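Colleague: Sharing a sequence plus its predicted fold:
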Amino acid sequence: MPKKVENVGCPYCGVCCDDLVVTVSDDGKKILEVENACAIGNQIFHHATGGERIRLPRLRQPDGTYKDISYEEAVDYAAKVLYNAKKPLIYGFGSTNCEGMAAAAKVAEKAGAVLDNCASICHGSSFLAIFDNGYPSCTLGETKNRADVIVYWGANPAHAHPRHMSRYSIFPRGFFTGKGHKSRKIIVIDPRHTDTAQMADIYLQVKQGHDYELFDAFRAVVRGHEIPDQVAGIKREQIVEVAEILKKARFGTIFYGMGLCHSDGRNHNVDIAISLTRDLNDFTKWTIMAMRGHYNITGPGAVWSWQYGYPYCLDLTKRDIAHMNPGETSSVDLAMRDEVDAFFNVGTDAGAHFPIDAVKHLRKHPWITVDPNINMASEISDLHIPVGIVGVEVPGIVYRMDNVPIQYRKVIDPPEGVISDEELFERIHQRLCELEAEETAKEGAKAAPEGVRAGSEP
Amino acid sequence: MKTVTLTLTNPSELLLEGQNITPDNFAGKKTAEIAALDVWEGKQKSPLGKYFTIAGDGGATAAETKIVLLGDCTRVKRIGQQMTAGEIVIEGNADMYIGGWMKGGKVHVKGNVDSFCGIGMEGGELIVDGKAGCHLGSSPRGEWRGMKGGLIRVAGSVGSDTATFINGGTIIIGGAADIHVSTHGEGGTVVIKGDAKGRVGGQMVKGDIYVYGTIENPLPGFKMVGEVEQEVDGEIALFAHHIGDLGERHPVSKGKTVYANLYTRL
Ligand code: SF4
């Protein structure tokens, strides 16, 4: 009899729906049905058992083809690449669990690598704003139970976070929001008239790249100052009207997306959004939240901040000092400036997401991809190591977009022999320790090479 | 004053981190000792002499030490970082963090520099004959107490995020500035002799900005209050005086609200 697994978490987007019901075949090998998930969430489960999977690591051969190798050989290869590079970059972690992230950080520290996650090309600028200006946020439960005004600014959950509006923001009936949609005002601010904008009571079509000016205008109006007739394509009367709604809310949440953190000014757009949120708290309760993309992309920020004090762009090349400065230690900048000499792509697809020039620079050096599936990165790698799919075949902790940790479960076993990210990184760490011990036994520690002394010919 | 000349004869493969290249670190050292100072290429620590040919000894103190860098230092970071006295002349380009956190002395770059130069500066002079990248004279990430003092002078244009959280000191830019100037500023002066792209003085509490050219996208939070004649960088000119950022908090001093000032040349 097929088995139904309840309260399953969805390993796709940052909404982290944990109410899925998955039906698994008798032998526990095939996923038959997924209930409650949206179309993309559905797909991620069916994809796991729907087709052929990579079951062994694959190493690039001189003729350009891939050859299957054992996990042991792959671990050895990966460890040696990390050990021999002067500045390896370990990037990704959009789709794995916190256990895997912690193990990868151990590897990065041992290898003297730069450790970065997909926030680097996504909500990383939000971190910078939060460092500078704080984060008056809340949980999604608070929004659901209390909010009567919702702002989506530069975000399009209708496509990117399909169940966000029904679970947390527009539609749900919460403790103090018993009338659901009827009792809520929805404001959407976006240069594009998106499907989310269709749901709005008020839609402001801000001029692309001028969100900062519009925030500045809102802040000036909230403080009772005059503003010009039109700001960022929006008429003064409309700005004043919306400012009044914001001030009169009982509880409001601003959800913002890439429209803020990836248009001109990036962190500053988020920074001033935080300033406006703080200003509004002089009148009523307002909160702000980043629409984090992947189901556990909040995870590396939480895990690595705990380990090193910084959420991303961690330069661990000096081992006992963690240095972080996006613009310098961020993956794309490192690649573009030819500053790294080995690349680990973990649970993401840098081949698809990075600018082509960055990919070309990285490709000059060893490139290793760790991912359950074939993607563009895996196809240009020197080594592709498959792992189990977190949330489907591997359990673990994930952080929802509001920084709430959720224990995910597995519904089936990974393909025979396939290991988890965590086990893989633990084994690479083990191998690195062995390599270090071997070299120390031979000629003293590698961190301080003799080099060429003064006076000798270069 | 004694001069130490470093010539980059064996460039690094990756970027080189040269935070030890300061008069403070060279003072009181002979050529061979200077050559043994650490520099980093990623996780690999090597002596300075691996990359540079070194001539001359350091002076007795930092103030009596001058460093001249020859060769292409486009890929050398952190020269003059945290220096307190003395002089550095870079004959060509240099990379990031040049004069970062400097407290005194003088750095003169004859070419261009990359981003984060003069960040967290407290005193001294940073002169760049060419262009500068982003975050010139800004605060380090997450630090709300930015540049405190000193002078930065860039002849060419600069990138975005100049003088974020500036608290004191002066930055004079000969060319144009990209978006975000003195964002979150709490003091200090920034002079832009060319055009500014926009977001000039956003979230600014106190301090002064002068723009000689045009501001492509002025902020709605600044309001014109009059015309004034002012002496800037040795010349007197007429400016339109704006106050702001009206959206931001402002302190009250002697019963009057203190605003940031934005002067645009008439
Ligand atoms: S909204 Fe996101 S988390 Fe929920 S089912 Fe869809 S993809 Fe999965």
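Modeller: Done, it's in. In this text, all values refer to a predicted model and were calculated from it rather than measured experimentally.
Colleague: what's near enough to touch the spatially closest residue to A:Pro11 that is not a sequence neighbour?
Modeller: Excluding the flanking residues, the one nearest A:Pro11 by CB to CB, 6 or more residues apart in numbering or on different chains is A:Gly391, at 2.9 Å. In this view, the C-beta of every residue, glycine as well, is placed from N, C-alpha and C. Applying CB atoms under 8 Å, 6 or more residues apart in numbering or on different chains, we find A:Gly391 in contact with A:8-11, A:44, A:97, A:295, A:398, A:408-410.
Colleague: residue closest to the middle of the chain?
Modeller: Chain wasn't specified; assuming chain A. Residue closest to the mean C-alpha point of chain A, counted by CA atoms, centre = their mean, is A:Ile297 at 2.9 Å.
Colleague: looking at chain B here, not the other one
Modeller: Short answer for chain B (CA atoms, centre = their mean): B:Gly118, at 3.0 Å.
Colleague: just to revisit the earlier point, which ones among the contacts of A:Gly391 lie within strands?
Modeller: Counted as lying in strands by DSSP state E, out of the contacts of A:Gly391, are A:8, A:398, A:408.
Colleague: Please indicate which of the residues you listed has the highest neighbour count?
Modeller: In terms of neighbour count, A:Val398 stands highest of these at 29 neighbours, by other CB atoms under 10 Å in any protein chain shown.
Colleague: So it versus the ligand, what's the distance?
Modeller: Plainly put, A:Val398 is 10 Å away from the ligand if you go by CB to the nearest ligand atom, to the nearest Å.
Colleague: Please apply the same query to A:His47.
Modeller: Note on A:His47: its distance to the ligand, by CB to the nearest ligand atom, is 13 Å.
Colleague: Share the number of residues neighbouring that residue, please.
Modeller: A:His47 has 15 nearby residues by other CB under 10 Å.
Colleague: Just give the nearest non-adjacent residue to it, would you?
Modeller: A:His47 sits nearest to A:Asn373 (CB to CB, 6+ apart), 7.7 Å away.
Colleague: With A:Leu214 instead?
Modeller: Take A:Leu214 and drop its neighbours on the chain: the residue closest to it by CB to CB, 6+ apart is A:Ala232, 4.2 Å away.
Colleague: mean confidence for the strand or helix carrying A:Ile187?
Modeller: Element membership for A:Ile187 (DSSP states H and E) is strand A:185-189. What strand A:185-189 shows for mean pLDDT is 97.
Colleague: which residues are in contact with the helix or strand following it?
Modeller: Using DSSP H and E, the helix or strand that directly follows strand A:185-189 along the chain is strand A:202-204. For strand A:202-204, the external contacting residues (CB under 8 Å, 6+ apart) are A:185-190, A:193, A:197, A:214, A:234, A:238, A:241-242, A:245.
Colleague: Just the buried ones out of those, please.
Modeller: Among those, those that count as buried by neighbour count (16 or more other CB atoms under 10 Å in any protein chain shown) are A:185-190, A:197, A:214, A:234, A:242, A:245.
Colleague: what about the residue of the stretch 51-200 of chain A found nearest the ligand, how many residues close to it?
Modeller: Closest residue of the stretch 51-200 of chain A to the ligand, CB to the nearest ligand atom: A:Arg163 (3.5 Å). If you count neighbours by other CB under 10 Å, A:Arg163 ends up with 20.
Colleague: what kind of secondary structure is A:Met101 in?
Modeller: At A:Met101 the chain is in helix, as set by DSSP: H, G, I helix; E, B strand; the rest coil.
Colleague: How is the residue nearest to A:Pro136 when sequence neighbours are not counted assigned, secondary-structure-wise?
Modeller: Excluding the flanking residues, the one nearest A:Pro136 by CB to CB, 6+ apart is A:Thr277, at 5.1 Å. The three-state label given to A:Thr277 by three-state DSSP is helix.
Colleague: Hmm, A:Thr277 is touching A:Lys285, no?
Modeller: No - using CB atoms under 8 Å as the test, A:Thr277 is too far from A:Lys285 to be in contact (10.1 Å).
Colleague: Settle it for me: which of the two has more neighbours?
Modeller: Each of A:Thr277 and A:Lys285 has its neighbours counted (other CB under 10 Å); A:Thr277 has more, 23 against 16.
Colleague: Now do the same contact list for the more buried one.
Modeller: Counting by CB under 8 Å, 6+ apart, A:Thr277 makes contact with A:136, A:254, A:286-288.
Colleague: what's the burial count for residue 112?
Modeller: Defaulting to chain A. Other residues within reach of A:Gly112, judged by other CB under 10 Å, total 22.
Colleague: My question was about chain B, not that one.
Modeller: So B:Asn112, with other CB under 10 Å, has 21 neighbours.
Colleague: Let me see the confidence value for it.
Modeller: On pLDDT, B:Asn112 comes in at 98.
Colleague: you'd agree it is up against B:Asn93?
Modeller: Yes - the criterion here is CB under 8 Å, and B:Asn112 meets it with B:Asn93 at 4.9 Å.
Colleague: shared neighbours of the two, anything?
Modeller: Common neighbours of B:Asn112 and B:Asn93 (CB under 8 Å, 6+ apart) are B:Gly130.
Colleague: For the stretch 1-150 of chain A, which segments count as strands?
Modeller: In the stretch 1-150 of chain A, the strands defined using DSSP state E, counting those that start in this stretch lie at A:3-8, A:20-24, A:31-35, A:58-60, A:66-68, A:88-92, A:114-117, A:149-153.
Colleague: which one of those lies closest to A:Gly417?
Modeller: When the strands of the stretch 1-150 of chain A are compared for distance to A:Gly417 using CB to CB, the nearest one is strand A:66-68, at 11.1 Å.
Colleague: which SSE is A:Thr440 in?
Modeller: Assigned by DSSP H and E, A:Thr440 belongs to helix A:421-443.
Colleague: What lies in contact with that helix?
Modeller: By CB under 8 Å, 6+ apart, the residues outside helix A:421-443 that reach it are A:71, A:75-76, A:78-80, A:82-83, A:96-97, A:99-100, A:102-104, A:106-107, A:110-111, A:346-347, A:370, A:385, A:387-388, A:390, A:394, A:396, A:419, A:445-446.
Colleague: wait, doesn't the residue nearest to A:His47 sit right on A:Glu52?
Modeller: No - counting by CB under 8 Å, A:Asn373 stays clear of A:Glu52, with 10.5 Å between them.
Colleague: neighbour-wise, which of those two wins?
Modeller: A:Asn373 (17 against 7).
Colleague: Three-state assignment for that one, please.
Modeller: Following three-state DSSP, A:Asn373 is assigned to coil.
Colleague: so what's it up against?
Modeller: Contacts for A:Asn373 (CB under 8 Å, 6+ apart) come out as A:47, A:53-54, A:386.
Colleague: Kindly report the same for A:Gly209.
Modeller: A:263-265.
Colleague: Leaving out sequence neighbours, find the closest residue to B:Thr61.
Modeller: Per CB to CB, 6+ apart, closest to B:Thr61 is B:Ala27, 5.2 Å.
Colleague: That concludes my questions; thank you for your assistance.
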